Structure formats: C-alpha cells, structure tokens
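Asker: coordinates only, sequence not included:
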C-alpha cells in the first residue's frame, strides 16, 4: 500500500475516534513530508534509515512507512480499522442508509485541519454523493474567515476537483455569520455564486432573547440562506464546555424557517448535539425541513453523520423532511429556488 495513503488513513481513523489533535497531526505531517518524494526514494530512505532524520518523521510514522515499503498493511492501521468497524452510534434506524450527503464542512482555508482535496477524498471513501465545503466568512477572524476575494479563489479549487471523473460532487458553500444586525457576512454577489449557504450565529451568544430572536429572524429571511446552522450555539462536552444554549423565541424562529423554506441543521458534532431534543420537537411541529450535517473540520469527522442520524431517528424526524437524503438535482433546485 502507498505509504502516504496509509498515513492519511491512520489520521482519518484517529480523527473519527476523537484522538488528540497532536497525535493526528503527527501522521498528517509525515504524509506531507514524504509526499514530496518519489516512491523509490521513500523506499531507499526507509530501508537505510535516512528517513528517521527527516523533519516530520517520528518513531511510529517511520514504522508505518517501513511496513508499507515492505509490502505490508501496517499493524497500527489494521488495529485502527478493526476498532473502526464498530458503529459510532447506535439507533440510527432507517435514517443513516438514506443520507446522501453533508452540507457543512471546513478545510484549512479557514479553521479546518486539512486540505480541500483530503476532505473530498474522505467523503468519497465514506460513500457520500455530495459534500458542501462551507468555510467561514470574514467576520470570524479567529477562524480565518474568507474574504470575498479568498472565497472566489476557493471556488476555483472546488471547480477543479469537480472536473475530475466520478459521480461525487463537492458543493460550493459557506458557513456565513449572521451578524448582530441580522445581515449575512458576505457580499450578495458571492452568495449568489454558491450552491449552499449555511447561516449561523457565532458571536454575542449571551444576548437577550429579543435581540437574538430578531437577529436570527433577519438572517433566516435573507433569500440566500438555505440552512440555519447549530441554532443554539451550545457546547455539552469538550475543552470549551459547558456553554449554555442561546436564549431566543424558538417557536418564532422555527416558524420563520418553515415559512422561508430554510432547513434546521441537526449538527452531528458530539460536543454540540445542537439543537437539543426539545427544540427538534418544536421544529418538527412547526413543519421545518432538516439538514443532518457533520460540521467536520477534519476528514475523520465526516463519519460523525452517524450521531446526527441517531438523534434524528430517536426524535422521529421523517426521512423525507431531511434534505440530505435528497438526490443532488433536487437539493440544488431547492437551494437555488429563493434566489
């Protein structure tokens, strides 16, 4: 097996099981280091030990590369594959097999951990028919949000990936901030060029209910908005948790989503579990559509879709109201209908 593929697959499985970032990055860095060399050079350096002296190569990664050079599937990778054969979530019901895609993911163009190409490769590996690349908008400077100019450059990369063979489609998208004014944090001209717009609140999460409700209602009313992302902003686990949910008038917000044909995201990240179950019930009652998304910031996190499927199944969300079960043509007709 190719050593770069082995190192990247190991990183994938580690991300999937929420391993520490430094551990994942050790394999990503090693893959990048040897990716600059031809296969014969990698093999020679592994066999005579010179590879150990290369920057980015550690003891474990050298072992993995050496085993692949000798024609073996690395033992470490085999162990990870065995662990990864177990499902991440139980109770996914009939929802998970019906999911065709994912409308919320990030690359290293904003605050993701890997390239656009690696994210697309992982989505293909997992059998996705489509994945929306939704890097952040400029207001979120802490996440290296994309200006209009950088977003335009990213769209060229997306087009290049889609020019290749195969049925998989990388959708041009954005996770756009709903600003305090309720406006979307990107030019209308750029938003017009995108396949998918996920609108989310990332700042002033402790605003009073009236202020937050008005902000969200205006963002939902914008004809570019397709999906309302992680609507409460809560965090239930992880280093930044606990973070309580934002206070807003949920019946009004979900009624606006239903009226404006905006899907409510069921965010699959284990630290978010957003919206809470009681709000999923309110959104169902309001007649909302839903989008089960991973909000993945690394390739292995794309398999978190299982968590979202389990929550949707547990809360009785009908698959026909989940837009990520739709075929691509139907989905794109829907995302472009209001513009």
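Answerer: In hand now; what should we look at? Just so you know, these numbers come straight off a predicted model, no measurement behind them. Residues are numbered from 1 along each chain as shown.
Asker: hey, where'd the strands end up in the chain?
Answerer: Ranges of strands in the chain, per DSSP state E, are 101-102, 130-133, 169-177, 196-200, 227-228, 263-267, 290-293.
Asker: which helices and strands does the last one pack with?
Answerer: What it means is strand 290-293. strand 263-267, helix 305-314 (3 or more CB pairs under 8 Å, 6 or more residues apart in numbering; DSSP states H and E). Placement of C-beta: from N, CA and C, glycine included.
Asker: ranking those by burial, who's on top?
Answerer: Compared across the helices and strands packed on strand 290-293, strand 263-267 shows the largest average neighbour count, a mean of 27 (mean count of other CB atoms under 10 Å).
Asker: Pull the residues that contact that one.
Answerer: The contact list for strand 263-267, computed with CB atoms under 8 Å, 6 or more residues apart in numbering, reads 103-104, 198, 226-231, 254, 257, 273-275, 280, 283, 288-293, 295, 308, 311-312, 317, 323.
Asker: could you give the mean pLDDT of it?
Answerer: For strand 263-267, mean pLDDT rounds to 98.
Asker: got it, and stretch 135-144?
Answerer: Across stretch 135-144, pLDDT averages out at 96.
Asker: Equivalent analysis for stretch 104-117, please.
Answerer: pLDDT averaged over stretch 104-117 gives 96.
Asker: So what touches it?
Answerer: 15, 21, 24-25, 28, 119, 123, 131-136, 140, 142-146, 150, 154, 157-158, 161, 170, 175, 198, 227, 229, 265, 267, 291, 293-299, 302.
Asker: Counting only helices, which of the residues you listed make the cut?
Answerer: Among those, DSSP state H puts 15, 21, 24, 25, 28, 119, 123, 150, 154, 157, 158, 161 in helices.
Asker: Tell me how many other residues surround the closest residue to the fourth one other than its chain neighbours.
Answerer: The shortest distance from residue 25 to any residue that is not its chain neighbour, by CB to CB, 6 or more residues apart in numbering, is 7.5 Å, and that residue is residue 113. Counted with other CB atoms under 10 Å, residues neighbouring residue 113 total 21.
Asker: Kindly list the main-chain dihedrals of residue 113?
Answerer: phi -100, psi -10 (degrees, to the nearest 10).
Asker: ok so, going back, so which of the helices and strands packed on strand 290-293 is nearest residue 11?
Answerer: helix 305-314 (18.5 Å; CB to CB).
Asker: helices and strands around the closest one, which ones?
Answerer: Using 3+ CB pairs under 8 Å, 6+ apart, helix 305-314 sits against strand 263-267, helix 277-286, strand 290-293.
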